[in-house]
Each structure stands twice: as C-alpha cells, then as structure tokens.
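Enquirer: Just the structure for this:
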Amino acid sequence: MASTNSWTHELESKVSAPRMFRACVMDWHTLAPKLAPHVIDNAHHVEGDGGTGTVRHYNCGSAVPFNTMKKKVEFLDADKCECKYTVECDGVETSTWNIKMKPTANGGSVAKVECTSKGAEAKDMMLKAKDSAAEMFKTVEAYLIANPNAYN
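Expert: The predicted model follows:
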C-alpha cells in the first residue's frame, strides 16, 4: 500500500525573491545541470511554453535517489514568486511541490517549500529530496551572489 508523506522547509537567502525564483524555478532546467550535475544530469522540454501546463523530463545524477523524473507546472505566478508543480519519478507515484518566495526586510528572501508525496518508497526518497532541495537552494544563492547581474 502506498503511503503519503509530507514536509515543509523554510530557507532564507541574501538574494532577492525575484532573482531566486527565476533561477530556482523558472530556469532550473538549464541552471541545475551547470551548477549541480550530481543532482540533475540534463533536462529537456516535453511540452508547454514555460508556464502552467509545461512538462519537462529530467535525467538525475548520482546524488538523487531516482534516475529520472517528469515535472509538470500546475500553477505559476512569476510576479508573486509562487508555483506548484507535480513530479513523477521512480518509486514515487506523485510528489506535489508548492514554492513561495517572499522578500525580507534586508533585501533578501525566504522560500517556503512544501512537498507531499505518495508511493511505496516515498518517505525515504522525499527526505533525501528535502536535503537536496536545501543544498541546491544554497548552491543557487552562492551562484547569484558571485554573479550579481544574473537573473536580474
């Protein structure tokens, strides 16, 4: 029987919400293979224009507990830095991710990431995904600090 598991993560950044959102969400399919090939080896577009309904296929690297994943954008509001997407991957029937990035008083941002997963192996895999999400967030933050003109 498939189990349901969920987690929430709040991640603070020195980088503004719009820049973090563009890099972490809007352009993740091209940025991840460059910054973290151990997480995402490559990605390709399946359908859509980048907004709601867009589907991308990812080939995962050695640091991720699954080989491939398919990500579909269910909701996207780039102006409010909010999105919802579903992911299908090995051992997990479905994983739903909600991401909201908000500005902070110091010019940085805080991201709230909520994930709910269903599947026989979902618990262990999604706990690893939680750790991976936090690592990738910090990797993107470091990239944006080192490249102040990127994603403006």
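Enquirer: any low-confidence regions in the chain?
Expert: 1-2, 91, 120-127 (pLDDT under 70).
Enquirer: Report the beta-bridge partners for S95.
Expert: For S95, the beta-bridge partners are V87, S117 (DSSP bridges).
Enquirer: So what's the residue count around it?
Expert: 23 (other C-beta atoms under 10 Å). All C-beta atoms are positioned from the backbone trio N, CA, C, and that covers glycine.
Enquirer: show me the contacts for it.
Expert: The contact partners of S95, taken as C-beta atoms under 8 Å, 6 or more residues apart in numbering, are 86-89, 115-118, 122, 126, 129.
Enquirer: same question, D90
Expert: By C-beta under 8 Å, 6+ apart, the contact set of D90 is 66-68.
Enquirer: Now list the buried members of the residues you listed.
Expert: Among those, those buried by neighbour count (16 or more other C-beta atoms under 10 Å) are F66.
Enquirer: Check the contacts of D90 against T94 and report the nearest one.
Expert: F66 (13.2 Å; C-beta to C-beta).
Enquirer: SS state for that closest one?
Expert: Using DSSP: H, G, I helix; E, B strand; the rest coil, the structure places F66 in coil.
Enquirer: Many thanks, I have nothing further to ask.
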